[in-house]
Structure formats: C-alpha cells, structure tokens
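K.L.:
only geometry, no sequence info:
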DNA sequence: GTATCTGCAAAACATTTGCAATTCT
DNA sequence: AGAATTGCAAATGTTTTGCAGATAC
C-alpha cells in the first residue's frame, strides 16, 4: 500500500499519527462510517483518541478535498474518502449504503445553464437487490 | 385558493388549525424552510404555537406523503411541499436553494438493476447564475 | 522555542420524549 | 365523556468551542 503520510502532505495536511490512522480507516472501510464508527474503531489502537480530533480531522480532509460528507441520513453525517463521482443508495431494510454510478450530465440536460456546479450528490432510498431476493 | 382543510382530510390528516397554517405556509413559501423558519413565521399569528407541534406536524405530512424532508444542509433539515420529482441546488454564496428538473432515469442507466427505488434526491452545490453574473 | 495539534470538559443546537392541559366531536 | 391534539419542560444525541497540556519541527 502507498504512503498515507506522503499523500496527506501532498494535499497540504500535516501527517500526524491520528490523521494517518483516520485516513487509513476511511480507505479500508468504504461503508461510509459515521464519526461514532471511526472513533470506536480506532479507540482500541489509540486509547487517548478523542471525538474532537475525529471531527477536526474530518473537517480538514473535507476542506482539502480528500474526503466528503454524506448526509443521506438526517440524524448523522457519514464520510467517504472515495472521491470519484458516484451516487449513494440507502437500503431501508438492511440499512446499508451502496455506491452506484451516476451520469450527472444525462440527468441535467440544460437545467442549471449558467450555474457553476462544484459538488454533486445523489441519494436514493429503497430496498436493495439482496434484501428483495431474500423476501 | 383551494381548501387546505379538505386537502388534508383527503390525505388522512385531521385538519387542525395548526396543521392548516403550517401546510399553507409550506405552500406559500417554497424556499424550503427549516423548522425554525416555520415556527418563527407562524408564531406571530399563533402565539401559543410550539416547535413540538411543528415537528409533529411535519412528521405527519411526510408519513402521509404530502411533504418531504430535504437534507441538503448537514446541520438542519428543510421541508418542501412541492412533491414533483426535482433536484435541489444550494448556492454557497447567497445560500438560496433552487429547484431544477432532473431526469433520474437518464442518470442511472442500468445501475441499480434489481433494486427497488422508493425515494430519489439530487443535491448540487455551487454558485447560482445570479451570483455569478454579479461578480 | 514557537507553532500546531490533541483531547477533555462544557456549551450549543436540533430533535425527541413524557406528560398534563386543552380542544374537538 | 372520550379520543386526539397541543405544548411545556426535560432528556437525548450530535457537533462545536474554549482552553490547557502535549507534540512536533
């Protein structure tokens, strides 16, 4: 695996131990973890870790463009270091969040002519294939 | 204007004074108000109104399918009684939320084959036409 | 040695819950 | 009267802030 510390430096982020571990966690856990998820997962390895640091670090990652916030739930924010343009599907049955490909140009036509679009999110909700086949 | 009380009844909602006023407010203010917005706007006419009632009422509207929650901001939920399928653009400069037409089929192709899609949201962020022309 | 980063504790918000008072039929 | 609705006050849960101690260059 490549050097996360170097990657953070390249993006203008000082690579502290906590920041490296949090970024590695996001890389290895693409299930769109919450702050709570990240905190609990790393608290074993870094007993002194605080949620404040997790919040601070995620804010830095987002500001520097190496992670994004996913507000597909209305009560907690999830995070994703997978920066390719893609949509998120939330299964109301198994509560998983599944990535899918989106053609944003095909969706828009000439709506938003003259607008400058900086970020694009598509959230779908329903029942995923696996849950449908089980029932 | 048509009879809001009748409309609520048709959708299985008992038309109390508060519910009628809240629904009328959503109809007349399509700028995707927050609970705070609704509460403050109506508190003048209904001095005894509580935020609890606003929350309860909006939950009923959503359950009955006559309004939807818009989680385009990650710190507060907005509400929309405009139930046609459409996307939301948030201008980072003037902070307005603007509706636009979306072709969801065109965006998906054969991604999500076998999934049951019950709700669709598209959120774009950037600078709106008006703000761009001003600068 | 000076900047930055971390993390505790407290504060700030949005939202939910319990329950008693009110309203409606 | 009886059932539903309202609204206050308290609780909950997430995120932010202030600040003192630790760490890094």
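P.N.:
Okay, I see it. Note that the coordinates shown come from a computational prediction; the quantities given were computed from them, not determined experimentally.
K.L.:
Contact residues of chain A facing DNA strand C?
P.N.:
A:14, A:16-19, A:46, A:48-50, A:52-53, A:56-57, A:74-75 (Cβ under 7 Å from any atom of the strand). Quick note: C-beta positions are derived from backbone N, CA and C, even for glycine.
K.L.:
Show me what the mean pLDDT comes to for stretch A:128-135.
P.N.:
Across stretch A:128-135, pLDDT averages out at 92.
K.L.:
for stretch A:70-86, same thing?
P.N.:
For stretch A:70-86, the mean per-residue pLDDT is 92.
K.L.:
List the buried residues for that stretch?
P.N.:
By neighbour count on 16 or more other Cβ atoms under 10 Å in any protein chain shown, the buried set for stretch A:70-86 is A:70-72, A:77-81.
K.L.:
all helices of chain A, in order?
P.N.:
Ranges of helices within chain A are A:4-10, A:17-28, A:35-43, A:51-63, A:104-108, A:129-134, based on DSSP state H.
K.L.:
How far does the first one sit from its chain's centre?
P.N.:
Relative to the chain's own centre, helix A:4-10 is displaced by 18 Å; criterion: Cα atoms, centre = their mean, to the nearest Å.
K.L.:
quick one: that helix near DNA strand D?
P.N.:
No. Using Cβ under 7 Å from any atom of the strand, helix A:4-10 never reaches DNA strand D; the gap is at least 9.1 Å.
K.L.:
Look up how far residue B:60 lies from residue A:43.
P.N.:
Separation of residue A:43 from residue B:60 (Cβ to Cβ, to the nearest Å) stands at 40 Å.
K.L.:
The two: who's more crowded?
P.N.:
Taking other Cβ atoms under 10 Å in any protein chain shown, residue A:43 and residue B:60 do not tie; residue B:60 has more neighbours (18 against 14).
K.L.:
If you go by neighbour count, which of the residues of chain A next to DNA strand C are buried?
P.N.:
Looks like these have A:18-19, A:49, A:53, A:57 buried, using 16+ other Cβ under 10 Å.
K.L.:
For chain B, what's the nearest residue on chain A?
P.N.:
Taking Cβ to the nearest Cβ, chain B has its nearest neighbour within chain A at residue A:107, 3.4 Å off.
K.L.:
I'd like to know how many residues surround the closest residue to that residue other than its chain neighbours.
P.N.:
Spatially, and ignoring its direct neighbours in sequence, residue A:107 is nearest to residue B:107 (3.4 Å; Cβ to Cβ, 6 or more residues apart in numbering or on different chains). Residues lying near residue B:107 (other Cβ under 10 Å) number 23.
K.L.:
ditto for residue A:55
P.N.:
14.
K.L.:
hang on, it packs against residue A:35?
P.N.:
Yes. The criterion here is Cβ atoms under 8 Å, and residue A:55 meets it with residue A:35 at 6.2 Å.
K.L.:
Confidence-wise, which of the helices of chain A is weakest overall?
P.N.:
helix A:104-108 (a mean of 88).
K.L.:
List the buried residues of that one.
P.N.:
Neighbour counts over helix A:104-108 (16+ other Cβ under 10 Å) mark A:104, A:107-108 as buried.
K.L.:
which residues are contacting it?
P.N.:
With contact meaning Cβ atoms under 8 Å, 6 or more residues apart in numbering or on different chains, helix A:104-108 is reached by A:85, A:120, A:122, B:87, B:100, B:102-104, B:106-107, B:109, B:122.
K.L.:
Switch these over to JSON lines; also include distance to residue B:129.
P.N.:
Listed next are the contacts of helix A:104-108 as JSON lines, based on distance: Cβ to Cβ, whole Å:
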{"residue": "A:85", "distance to residue B:129": "22"}
{"residue": "A:120", "distance to residue B:129": "17"}
{"residue": "A:122", "distance to residue B:129": "22"}
{"residue": "B:87", "distance to residue B:129": "15"}
{"residue": "B:100", "distance to residue B:129": "11"}
{"residue": "B:102", "distance to residue B:129": "17"}
{"residue": "B:103", "distance to residue B:129": "20"}
{"residue": "B:104", "distance to residue B:129": "23"}
{"residue": "B:106", "distance to residue B:129": "22"}
{"residue": "B:107", "distance to residue B:129": "22"}
{"residue": "B:109", "distance to residue B:129": "29"}
{"residue": "B:122", "distance to residue B:129": "18"}
